[in-house]
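A.B. asks: Any chance you can model this:
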Amino acid sequence: MQIYKVGGAVRDRLLGRPVTEVDWVVVGATAEALAAQGYRPVGADFPVFLHPQTGEEYALARTERKSGRGYGGFTFHAAPDVTLEQDLIRRDLTVNAMAEDDDGQIIDPYGGRADLQARLLRHVSPAFAEDPLRVLRVARFAARYCSLGFQVAPETLLLMQEMVASGELDALTAERLWKETSRALLEERPDVFIRVLHDCGALAALLPEVAAGFAGEQPEPGARVYATLRQSAEVQASLNVRWACLLLDVPEERHAAINARLKVPREPAELALLLARHWPTALQARQLTPEAWFELLQGFDVLRRPARFEEFLQACACAAAVRTDYGEPPLALLHQAAEVLRGVEVQPLVAQGFKGAALGEALKQARLDALAQLS
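C.D. replies: Below you'll find the model as predicted:
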C-alpha cells in the first residue's frame, strides 16, 4: 500500500500559497484494509475514508466511466491494481493532477508543473468534457489565481464552449450551481469568474438575465458588472453584497427566475432584489420627502434588520465607485436617515397616553417629523 498527497495541496505548495486542506490517494489497498486500520468510511458513491487521527480524507485510487448525464453520471472502479497515473488522469486540470510521496518527490505524469510555471489552467484529458461542473470549477480557479497571472488555456476554453453548446450544463442541479457560484464570488477576483463563464458561453446558459445586460455594451460587454464585482472584492464585501452587485442591472421582475434556477438562499436573494428596486432611489436621496424616506427605510426593515441596510449601502458604494455616469448616492445621508428612524423611541409616547392604533400613528408621525429634519 502506498499513500500520496494529491491535488490542491500539492499545487498550492508549489505556488508558495498556504495549504488549507490536504487530500490523499491510497494505491494498492482495499476498503477492508483501510477499515481494519481504523479509517472511517464516508459516503456511498465511492471509497473515501477519514483518517482515524487527523480526520483528513483518504481515497482509494480509482478509475471512472461515464454512465449518464451530468456531474453525477459516473461509475467508479476502485481496486488494488488501479495505478496512481490512472487515478490522476481522471482529474480536471493538470495543475490538480500532481501527487507527492513521503519523500516530497512530485509525481507529475500530465505536465502540471510546467503549466504552473506557464500560468495555464489546462484540462488533463478529453474526459474533462464528461463533467459539466468542471466548467464552473475552471472559472472559479481562474478567479482564484488571476493575480498570479493564470489564464484558461485556449484549448480548454474551446472544450468548455463545446460542452456548453452540447447542452451538458442543463444537467447541473440548482444546489451545485449555487454552491460553485457562491464560492467563486468569494474568490479574490469574482469578476474573472463571470468573465470566463461569458467567454465560454456558460453565462448565457446559466444566468441569461445577467448575460442579457452585456449585449450591446461598449466598449466591452460586461465591463460595468466586472468592475462592480471587482470593487466589491476589494472592499472584502460579503457574499450577499457581491451577489447583489452581480444582479444590479437585472430587472426586478426577473429575479424570481434566477432565485428558482439556483435556489438562492433568502439573504442574498433579498438584498439583490432590494438593491435593484431601491438603487435609483438612493441616487436621488437628497430629494426625498419624509414620507419617501419612511417608505424606503421600512422597506429594508431597518429597525429589526439593520445589517441588511448597511449591506445595501455597501453595495451602493461599490456600484457608485465604477458607475460614475449615474452620479453618487449620498451614503452618509442614507446612513443618517436609518439612525434617525432608530432614534425615535416609543416610551415617551406611551407616557403621553397613546396606545393601540393611536400609538402606532403617533409613532409614525414622530418618525416622519424626525426624518423631516434631515439635511
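A.B. asks: need the helix or strand of the protein with the lowest average pLDDT.
C.D. replies: Of all helical and strand segments in the chain, the minimum by mean pLDDT, DSSP states H and E falls on strand 74-78, at a mean of 73.
A.B. asks: Show me what that strand is packed against.
C.D. replies: In terms of contacts (3 or more Cβ pairs under 8 Å, 6 or more residues apart in numbering; DSSP states H and E), strand 74-78 is packed against strand 62-66. Heads up, the C-betas are built off the backbone N, CA and C, glycines and all.
A.B. asks: which other helices and strands contact the strand it packs on?
C.D. replies: Checking 3+ Cβ pairs under 8 Å, 6+ apart, strand 62-66 ends up next to strand 74-78, helix 84-88.
A.B. asks: what does it contact?
C.D. replies: For strand 62-66, the external contacting residues (Cβ atoms under 8 Å, 6 or more residues apart in numbering) are 46-47, 73-78, 82, 86-87, 90, 127, 130.
A.B. asks: switch to 6 Å and redo it
C.D. replies: 74-78, 82, 86, 90, 130 (Cβ atoms under 6 Å, 6 or more residues apart in numbering).
A.B. asks: Take those residues and write them to CSV, including neighbour count and distance to Arg17.
C.D. replies: CSV is the format used below for the contacts of strand 62-66 (neighbours: other Cβ atoms under 10 Å; distance: Cβ to Cβ, whole Å):
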residue, neighbour count, distance to Arg17
Phe74, 19, 30
Thr75, 11, 34
Phe76, 14, 30
His77, 14, 33
Ala78, 19, 30
Val82, 17, 30
Gln86, 16, 28
Arg90, 20, 24
Glu130, 20, 29
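A.B. asks: Could you single out the nearest of those to Ala9?
C.D. replies: Ala9 lies nearest to Arg90 out of those, by Cβ to Cβ, at 17.7 Å.
A.B. asks: follow-up on the earlier one: pull up the pairing partners for the least confident helix or strand of the chain, direction included.
C.D. replies: Paired neighbours of strand 74-78 in the sheet (DSSP bridges): strand 62-66 (antiparallel).
A.B. asks: distance of Glu155 from Ala337?
C.D. replies: Between Glu155 and Ala337 the distance, using Cβ to Cβ, to the nearest Å, works out to 54 Å.
A.B. asks: Neighbour count for those two, which is higher?
C.D. replies: Ala337 (23 against 11; other Cβ atoms under 10 Å).
A.B. asks: Show which residues not belonging to the least confident helix or strand of the chain make contact with it.
C.D. replies: Contacts for strand 74-78 (Cβ under 6 Å, 6+ apart): 46-47, 60, 62-65, 67.
A.B. asks: List the buried residues in stretch 159-179.
C.D. replies: 159-160, 163-164, 168-169, 171-172, 176-178 (16 or more other Cβ atoms under 10 Å).
A.B. asks: measure Gly360 to Trp279 for me?
C.D. replies: For Gly360, the distance to Trp279 - Cβ to Cβ - is 30 Å.
A.B. asks: To Gly28, which of the helices and strands packed on strand 62-66 lies closest?
C.D. replies: Among these, helix 84-88 sits nearest to Gly28 (Cβ to Cβ), with 9.5 Å.
A.B. asks: average pLDDT for that closest one?
C.D. replies: Helix 84-88 shows a mean pLDDT of 94.
A.B. asks: Convert that helix to CSV, retaining C-alpha atoms only.
C.D. replies: In CSV, the C-alpha atoms belonging to helix 84-88 read as follows (Å, rounded to 0.1, in the frame of the first residue of the first chain):
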residue,chain,number,x,y,z
LEU,A,84,-1.6,6.4,-9.4
GLU,A,85,-1.4,7.6,-13.0
GLN,A,86,-4.9,6.1,-13.8
ASP,A,87,-6.3,7.9,-10.8
LEU,A,88,-4.7,11.3,-11.7
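A.B. asks: If we go by neighbour counts, what in stretch 214-223 is buried?
C.D. replies: 214, 221-222.
A.B. asks: any idea which of those residues is closest to Glu234?
C.D. replies: Of the buried residues of stretch 214-223, the one sitting nearest to Glu234 (Cβ to Cβ) turns out to be Gly222, at 17.9 Å.
A.B. asks: Nice, that's everything, thank you.
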